[in-house]
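S.K.: kindly return the folded structure for what I paste below:
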Amino acid sequence: MRKSYAHRNRKPAELMLVPMIDIFTVLVTFLLMTAVFSRLTIVELDLPSARGAQVTQPAFRLEVILREDGFEVTNGQDRIAAVPKVEGHYDLETLSELALSLKREYPDVNDASVLLEPEIEYDNLIQVMDAIRSTEVTEGQNPRPVKVALFEDIAVGDAP
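M.R.: Numbers count the residues shown, from 1 in each chain. A predicted model of the protein is given here:
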């Protein structure tokens, strides 16, 4: 009689994990090499506190009120300038020039406030803060622009 192969004890099939681990190693290496790591910038803001009962008014404080149709530059009480939007965008160059001229008048002042209406986008707030925080100026015969600090201590609030 012939032996039947059906009666032979078969070993269970083994699962080979080594090729799968190799594929995952190559995949992780590729993903790490091609990943784009974004740079985060943290801006430290000073918010007004309720504890400061003895508040002294500074001689000058720059306020930029961000509105839908443009922005207003004031000293807290009087309007200095109104800058409308240009082709649907805020005119940040004019704001930066205005902040530079005000900084030249008041070199010891570092405080500024950005007040915005509720409908204003966050990106516009950041761009305005960057425009009044510093600017690049070309001075004298040096063709390279020099970064000049303007109003570095910025507070944020709601527009009146």
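S.K.: hey, where'd the strands end up in this structure?
M.R.: 62-67, 70-74, 79-84, 111-116, 134-137, 146-149, 153-158 (DSSP state E).
S.K.: got a list of contacts for the fifth one?
M.R.: Yep, that's strand 134-137 we're talking about. 96-97, 99-100, 145-150, 152 (C-beta atoms under 8 Å, 6 or more residues apart in numbering). Using the backbone N, CA and C atoms, a C-beta is placed for each residue, glycine as well.
S.K.: export that strand as CSV, just CAs?
M.R.: Extracted C-alpha coordinates of strand 134-137, given in CSV (Å, rounded to 0.1, in the frame of the first residue of the first chain):
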residue,chain,number,x,y,z
SER,A,134,11.4,96.3,13.9
THR,A,135,12.3,97.5,10.4
GLU,A,136,15.2,97.4,8.1
VAL,A,137,16.9,100.7,7.2
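S.K.: quick one: distance of it to the chain centre.
M.R.: 17 Å (C-alpha atoms, centre = their mean, to the nearest Å).
S.K.: now swap in the last one and tell me
M.R.: Between the centre of strand 153-158 and the centre of its host chain there is 14 Å, according to C-alpha atoms, centre = their mean.
S.K.: 865 is where my numbering starts, stick with that
M.R.: Got it, first residue is 865 now, which makes that one strand 1017-1022.
S.K.: what sits against G952?
M.R.: No contacts exist for G952 under C-beta under 8 Å, 6+ apart.
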